[in-house]
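Engineer: Take this sequence and fold it.
(one chain, ligands or ions: 1)
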Amino acid sequence: MKPNIDDLAIFGGIPAFPEPLHVGRPNLGDRERLFERINDMLDRRWLSNNGPYVQEFEQRISDFIGVKHCIAMCNGTVALEIAIRSLELKGEVILPSFTFVATAHALQWQEITPVFCDIDPKTHTIDPCRIAQMVTPRTTGIIGVHLWGRPCDIESLEEIAANRHLKLLFDAAHGFGCSYKGRMLGSFGNAEVFSFHPTKFFNTCEGGAIATNDDALAGKIRLMKNFGFSGYDNVIYIGTNGKMNELSALMGLTNLESLDAFVAANHENYKTYQRELAGLNGVSLIKYDQNEKCNYQYILLEIDETDTQVTRDQIIDILRAENVLARRYFFPGCHRMEPYRSFFPNAGLMLSETERLVKRVLSLPTGTAVGPDEIHKICKIIQIVLAHGSEARERLSGSVVNNVVKPATIDRKPREQKLMAPVNC
Ligand SMILES: *Cc1c(COP(=O)(O)O)cnc(C)c1O
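Structural biologist: Sure, this is the predicted structure:
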């Protein structure tokens, strides 16, 4: 192991891991069962169009969540687009900027203006107290994002949506297997959208789903994801191709059988990180509500650079040199990505908490591909870096490291003053 700072790979030492360690390597269920199902699918020659595996998958998911309808889709982004369209959202829709860019793109793709709202720094989810000031006569809905699988303040959002006659949609891409006040995510608002992309802890290769208790909405979504077909030759609605195929569905069914094992692995990893990082100054590990069901799929650290001395980005560079591919989810915030950056160059003024948080967070590897040994090593690296915080910062700021000139990245500007105080809360 690395007893001192000179042994870090970024300063010329040997990387702690010979192979890259990714934040989210796919969790895989039982291979035998998977191949059995693939053979069965091939024997049947039914590969798509609401096949038996898709039907079974939808049933299993809706039973698991306790929601009336689950409509499986080809991916989470198309599911979001279809959910948005089926709810007849238009004009402006309020959502957090601190999310994966697909949440905003799904709106802009249909020429609906995403209006970015700040987050509550304690939960990282949309701050209900700030929604009122974002509402205009053009506003038609709110999209809450259950970031990291931690539910939004759903009750407050439901109240605001009801009072202002707005539709309420949830991007639950991170929220599969998590609960809010004892009820599984997937059954709140007008509808909720899941992603089953391989970076999520439960995957169908590519895939997603819309969950809703609204019968009419579910019917509409079923039409929309299949070109508007209502039986052979009869198109009764505008639609697209959002169907999940059989291969994805049987992958999902197989992975569902290992869901408890995936969650248990994530939870164990979380507890190991918690132990190994305890007491480190300037580093705080994400907290999950122990009274709720949780998938523990993100190991998120918040770095306070005044305590660590070394910057968040320098810690990431150090980890990457060790082959630990830590990520800055979701940097720099949707409002700083195109086309939104050009549309709303001053959006950041209303997003002080988002702007602060995107500079602080760091995501570490977890899932079934890592265990206590890897985590121990990763945390050891972090401990060594923090024990020599200012030295590491000096050596990485504007100096030549591994023949690459690194720019000084530390940002010591005073905190931007809040322009808008929360109201009505
Ligand atoms: C992954 C993700 C999506 C998109 O899902 P895909 O299945 O990759 O299209 C949407 N929103 C959030 C918050 C995500 O993390």
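
Engineer: I82 in helix, strand or coil?
Structural biologist: Here I82 is recorded as helix under DSSP: H, G, I helix; E, B strand; the rest coil.

Engineer: Wait, a helix at E192?
Structural biologist: No. Counting by three-state DSSP, E192 is not part of a helix but strand.

Engineer: Number of residues surrounding F176?
Structural biologist: Residues near F176, counting by other C-beta atoms under 10 Å, number 26. Quick note: C-beta positions are derived from backbone N, CA and C, even for glycine.

Engineer: residues in contact with it?
Structural biologist: Neighbour list for F176: 149, 185-186, 194, 196, 200-202, 295 [criterion: C-beta atoms under 8 Å, 6 or more residues apart in numbering].

Engineer: now with 6 Å?
Structural biologist: Applying C-beta atoms under 6 Å, 6 or more residues apart in numbering to F176 gives the contacts 194, 202.

Engineer: From W46, how far off is it?
Structural biologist: The gap separating F176 from W46 is 26 Å, by C-beta to C-beta, to the nearest Å.

Engineer: Please apply the same query to H174.
Structural biologist: The gap separating H174 from W46 is 32 Å, by C-beta to C-beta.

Engineer: Mind checking which of the two has more residues around it?
Structural biologist: Neighbours of H174 and W46, each counted by other C-beta under 10 Å, are more numerous for H174; the result is 23 against 15.

Engineer: backbone phi and psi for the nearest residue to A161 once chain neighbours are set aside, please?
Structural biologist: Once flanking residues are discounted, A161 sits nearest to L168: 4.0 Å by C-beta to C-beta, 6 or more residues apart in numbering. Phi and psi for L168, reported as degrees, to the nearest 10, are phi -130, psi 120.

Engineer: End to end on stretch 176-185, go ahead and measure it.
Structural biologist: 7 Å (C-alpha to C-alpha, to the nearest Å).

Engineer: Got the domain ranges for this protein?
Structural biologist: As assigned by automatic domain parsing, the chain contains the domains 5-25+259-326+365-420, 31-256.

Engineer: Turn the ones you listed into CSV, columns for distance to S352.
Structural biologist: CSV is the format used below for those (distance: least, C-beta to C-beta, whole Å):
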stretch, distance to S352
domain 5-25+259-326+365-420, 5
domain 31-256, 7
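
Engineer: Quickly compare the ones you listed and say which is most buried.
Structural biologist: Highest mean neighbour count of the domains of the chain: domain 31-256, a mean of 20 (counted as mean count of other C-beta atoms under 10 Å).

Engineer: That one near the ligand at all?
Structural biologist: Yes. Residues of domain 31-256 are located near the ligand by C-beta under 6 Å from any ligand atom, namely 75-77, 99-100, 102-103, 145, 171, 173-174, 195, 197, 208.

Engineer: ok, the residue nearest to A161 to I143 distance?
Structural biologist: Counting by C-beta to C-beta, the gap between L168 and I143 amounts to 8 Å.

Engineer: try D153
Structural biologist: According to C-beta to C-beta, D153 stands 14 Å off from I143.

Engineer: now A326
Structural biologist: In terms of C-beta to C-beta, A326 sits 28 Å off from I143.

Engineer: S195 too?
Structural biologist: To I143, S195 is 14 Å away according to C-beta to C-beta.

Engineer: E246 now?
Structural biologist: From E246 across to I143, the span is 30 Å (C-beta to C-beta).

Engineer: Same question for T306.
Structural biologist: According to C-beta to C-beta, T306 and I143 sit 34 Å apart.

Engineer: And for I160?
Structural biologist: 13 Å.

Engineer: Which strand or helix spans I210?
Structural biologist: Element membership of I210 [criterion: DSSP states H and E] is strand 208-212.

Engineer: Run through who's touching that strand.
Structural biologist: 65, 67, 69-73, 75-76, 79, 83, 186, 191-196, 218, 221.

Engineer: can you rerun that using 8 Å?
Structural biologist: Residues outside strand 208-212 that contact it (C-beta under 8 Å, 6+ apart): 58, 61-62, 65, 67-80, 82-83, 86, 172-173, 186-187, 190-197, 218, 221, 244.

Engineer: average pLDDT for that strand?
Structural biologist: The average pLDDT within strand 208-212 is 98.

Engineer: Identify all contacting residues around stretch 82-90.
Structural biologist: Against stretch 82-90 from outside (C-beta under 8 Å, 6+ apart): 73, 93, 106-107, 110, 112, 140-141, 143, 167, 169, 190-191, 193, 210, 217, 220-221, 224-225, 240, 242.

Engineer: could you give me the average pLDDT of that stretch?
Structural biologist: Averaging pLDDT along stretch 82-90 yields 98.

Engineer: from the middle of its chain, how far away would it be?
Structural biologist: 21 Å (C-alpha atoms, centre = their mean, to the nearest Å).

Engineer: Also stretch 280-300?
Structural biologist: That offset, for stretch 280-300, works out to 14 Å (C-alpha atoms, centre = their mean).

Engineer: Please see if it touches the ligand.
Structural biologist: No. Using C-beta under 6 Å from any ligand atom, stretch 280-300 never reaches the ligand; the gap is at least 10.0 Å.

Engineer: First-to-last residue distance for that stretch?
Structural biologist: Taking C-alpha to C-alpha, stretch 280-300 runs 15 Å from one end to the other.

Engineer: Next: stretch 297-312.
Structural biologist: End-to-end distance for stretch 297-312, by C-alpha to C-alpha: 21 Å.

Engineer: Okay, and the beta partners of the residue nearest to A161?
Structural biologist: Under DSSP bridges, the beta-bridge partners of L168 are I142.

Engineer: Could you verify my assumption that it touches C152?
Structural biologist: No. L168 is beyond contact range of C152, at 9.7 Å (criterion: C-beta atoms under 8 Å).

Engineer: shared neighbours of these two, which are they?
Structural biologist: G144.

Engineer: low pLDDT regions in this protein?
Structural biologist: Filtered on pLDDT under 70, the chain yields the residue ranges 1-3, 399-425.

Engineer: I appreciate the help and will end here.
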